[in-house]
Structure formats: C-alpha cells, structure tokens
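Asker: from the sequence below, what's the structure:
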Amino acid sequence: MTKNRIIPYREDLKAKARELRKNSTLSEILLWQEIKERKLLGYQFHRQVPMLDFIVDFYSHELQLAIEIDGDSHNQNYKYDVKRQAELEQYGVQFIRIDDKEVKRNMNNVLRAIEHWIIEKQRIL
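Answerer: The predicted model follows:
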C-alpha cells in the first residue's frame with residue numbers, strides 16, 4: 001500500500017468540504033462514529049476529502065480507499081458519480097459504495113463489508 005499519497009485538488013474545495021462536514025447527513029454521522037479515530041482495523045479515515053475536482057465522503061490515505069454513502073441525491077447524479085469515480089480510480093483510489101438506508105438499518109453489515117474489503121486488500125498485497 002502506498003502510504004499517504006496525496007492526490008491534488010482544487011483549492012476552493014477546502015471551504016466546501018468544511019461546509020459539508022458541518023452539514024453531514026445522518027448516515028455520514030452514524031458511519032463516522034464507527035470509523036473515526038482508527039476504530040476500523042486501525043486505519044485512519046477522514047471526512048469530506050477534496051480530490052481533483054471532487055469531494056469524497058470518507059477517505060483513508062493508507063488504503064487509498066474512498067467510502068461513498070449513496071442516498072437519494074446519488075440516484076439523480078449517477079452519471080456524475082460514475083465519471084468522478086473513474087477519474088479518481090486513475091489515481092489509484094478504490095471505492096466502496098454503501099446505500100444510505102443500509103447504514104441506518106444495518107451498521108454491522110456495513111462495517112463487516114468494509115472490514116472484509118480491507119482484509120482482502122491486505123491479502124492481495
């Protein structure tokens with residue numbers, strides 16, 4: 001794993017990311033409570049991280065893993081999400097997409113899925 005590789009981003013996205021952190025969705029707050037402070041297998045995640053021309057919900061530099069919570073707005077922005085993900089994948093970022101309702105209804109499943117991804121990634125490397 002490439003440790004803490006910084007991906008360039010537009011400077012104006014810093015303020016937007018700060019605003020998004022202040023106005024997190026319920027699902028983002030719930031997941032953040034479970035993954036902050038290295039609670040998830042010892043890996044550090046950050047919230048609302050600017051990358052290129054985009055902001056991802058959660059990101060671990062160590063894992064090069066973006067976690068996106070897909071709610072109703074993502075359904076309307078599907079083409080944008082696909083384009084954004086493809087551009088970031090060119091920088092080595094990998095994605096886990098989680099349904100907003102799944103976070104609210106079954107956090108244990110969500111955490112198991114993320115842990116499974118991390119363990120599989122470690123096995124490959």
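
Asker: and the helix or strand where residue 20 lies, what does it pack against?
Answerer: Applying DSSP states H and E as the criterion places residue 20 in helix 13-22. Judged by 3 or more Cβ pairs under 8 Å, 6 or more residues apart in numbering; DSSP states H and E, the packing partners of helix 13-22 are strand 46-51, strand 54-60. Just so you know, the C-beta spots here come from the backbone N, C-alpha and C atoms, and that holds for glycine as well.

Asker: note down every partner strand of the shortest one and its orientation.
Answerer: For strand 46-51, the paired strands and their directions (DSSP bridges) are strand 54-60 (antiparallel).

Asker: follow-up on the earlier one: so which of the helices and strands packed on helix 13-22 comes closest to residue 95?
Answerer: strand 54-60 (8.2 Å; Cβ to Cβ).

Asker: how about the secondary structure of residue 38?
Answerer: Put simply, residue 38 is coil when judged by DSSP: H, G, I helix; E, B strand; the rest coil.

Asker: give the rounded mean pLDDT of stretch 72-79.
Answerer: Mean pLDDT, computed over stretch 72-79, is 70.

Asker: still on that earlier bit, just name the most buried of the helices and strands packed on helix 13-22.
Answerer: Highest mean neighbour count of the helices and strands packed on helix 13-22: strand 54-60, a mean of 22 (counted as mean count of other Cβ atoms under 10 Å).

Asker: can I get the CA coordinates of that one in PDB?
Answerer: Extracted in PDB, the C-alpha atoms of strand 54-60 (Å, rounded to 0.1, in the frame of the first residue of the first chain):
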ATOM      1  CA  PHE A  54     -14.400  16.400  -6.300                       C
ATOM      2  CA  ILE A  55     -15.100  15.700  -2.600                       C
ATOM      3  CA  VAL A  56     -15.400  12.100  -1.300                       C
ATOM      4  CA  ASP A  57     -17.400  11.300   1.800                       C
ATOM      5  CA  PHE A  58     -14.700   9.300   3.600                       C
ATOM      6  CA  TYR A  59     -11.100   8.500   2.600                       C
ATOM      7  CA  SER A  60      -8.200   6.500   4.000                       C
END
